[in-house]
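Peer 1: whatever this is, show me its structure:
(one chain, ligands or ions: 1)
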Amino acid sequence: MYASPIARLVQQLAKLPGIGEKTAARLAFHIIRAAPDDAAALAAAITDVKQRIRFCGVCWDLTERDPCALCADARRDAGLVCVVAHPQDVAAVERTGGYRGRYHVLHGLLSPLDGIGPDELNIGSLIARVKSDQVREVIVATNATVDGQTTAHYLAERLAASKVPVTRLAHGVPVGGELDWLDDGTLATALKARRAL
Ligand SMILES: [Zn+2]
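Peer 2: Predicted coordinates for the structure are as follows:
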C-alpha cells in the first residue's frame with residue numbers, strides 16, 4: 001500500500017489513455033524523485049493548459065484566442081475547409097506545408113458501435129459553416145479506417161444538398177513504398193485512384 005498522496009497520484013495518472021497501474025506507479029515515482037522545480041512545472045503546465053486553452057468558435061481547433069490564428073489569418077483561403085477528426089490532425093496537415101485553406105475539427109469520428117453519432121461531433125457547425133460561408137470545397141481528411149470512411153460518407157451525404165464539392169484524401173502507395181510490401185487493400189485502392197502522368 002502506498003502512502004495516500006502517492007496512491008492519489010498513481011490513481012490520477014492511471015486515468016490517462018494507455019497508462020496502466022504499473023506505468024502510473026513508475027511515473028509517480030519518477031515525479032517523486034524529480035527536482036521540486038520540475039515537478040512544480042509539470043503541475044503548473046497542466047493547470048495552465050486547462051485555464052488558457054479553449055475551442056475556436058469557427059473551426060473548433062484548440063486555441064488560446066478565439067478565433068484561432070488559422071481562422072484569423074486573412075491570407076488563408078476561407079473557401080477551402082479541411083475536415084479532420086482531432087486537433088493533432090490539423091498539426092499533421094500543417095506540417096506538410098502544402099495546405100493554405102482553413103479547417104474544421106470534428107473531435108472524433110462516427111462510430112455506431114461505440115454509440116458515437118452525428119450529435120456527438122461538430123457536424124452541425126460544419127453544415128452551418130458551409131451554408132453561410134463562401135466555401136468552395138470541403139476536403140474530408142479522416143483516417144483510412146472503418147470509422148473514418150463512415151464519417152466521410154456521412155459528410156458527403158449531409159453536404160450533398162449544399163452543392164459544394166466534397167473531396168477526400170487519396171489512398172495509395174506511400175512515398176518511398178515498394179509495391180510488393182503493400183497490403184492488397186492499399187494496392188487495390190491505389191490502382192483504382194490512378195491518375196494521368
Ligand atoms: Zn479556428
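Peer 1: burial of residue 59, as a residue count?
Peer 2: Neighbours of residue 59 under the rule other Cβ atoms under 10 Å: 25. Every C-beta, even on glycine, is put in place using the N, C-alpha and C of the backbone.
Peer 1: strands of the protein, start to end?
Peer 2: Taking DSSP state E, the strands of the chain run over residues 54-55, 62-63, 77-84, 101-105, 137-140, 166-168.
Peer 1: so who does residue 89 touch?
Peer 2: 105, 141 (Cβ atoms under 8 Å, 6 or more residues apart in numbering).
Peer 1: that one and residue 169, how far apart?
Peer 2: 11 Å (Cβ to Cβ, to the nearest Å).
Peer 1: cool, and residue 12?
Peer 2: Using Cβ to Cβ, we find residue 12 at a distance of 37 Å from residue 169.
Peer 1: quick one on the thing from earlier: got any residues that touch both of residue 89 and residue 169?
Peer 2: Listed as contacting both residue 89 and residue 169 by Cβ under 8 Å, 6+ apart are residue 141.
Peer 1: pick the most buried one from the strands of the chain.
Peer 2: strand 101-105 (a mean of 24; mean count of other Cβ atoms under 10 Å).
Peer 1: around the ion, pick out the residues from this structure.
Peer 2: 56, 58, 59, 61, 67, 68, 71 (Cβ under 5 Å from the ion).
Peer 1: contacts for the top helix by length along the chain, please.
Peer 2: Ranked by residue count, the top helix of the chain under DSSP state H comes out as helix 36-52. If you take Cβ under 8 Å, 6+ apart as the criterion, helix 36-52 is touched by 31, 34, 64.
Peer 1: repeat that with 6 Å
Peer 2: For helix 36-52, contacts defined as Cβ atoms under 6 Å, 6 or more residues apart in numbering pick out 31, 64.
Peer 1: mind listing what residue 173 touches?
Peer 2: Taking Cβ under 6 Å, 6+ apart, we find residue 173 in contact with residue 190.
Peer 1: now with 10 Å?
Peer 2: 179, 181, 182, 186, 187, 189, 190, 191, 193 (Cβ atoms under 10 Å, 6 or more residues apart in numbering).
Peer 1: just the buried subset of those residues, written out for ChimeraX, thanks.
Peer 2: To isolate the buried members of the contacts of residue 173 in ChimeraX, using 16 or more other Cβ atoms under 10 Å:
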select :182,186,187,189,190
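Peer 1: restricted to helices, list the contacts of residue 173.
Peer 2: Per DSSP H, the contacts of residue 173 map to helices at 186, 187, 189, 190, 191.
Peer 1: which helix or strand in the protein has the lowest average pLDDT?
Peer 2: Here the helix or strand of the chain ranked lowest by mean pLDDT, DSSP states H and E is helix 184-192, holding a mean of 88.
Peer 1: from the chain's centroid, how far away is that one?
Peer 2: Here helix 184-192 shows a centroid-to-chain-centroid distance of 25 Å under the convention Cα atoms, centre = their mean, to the nearest Å.
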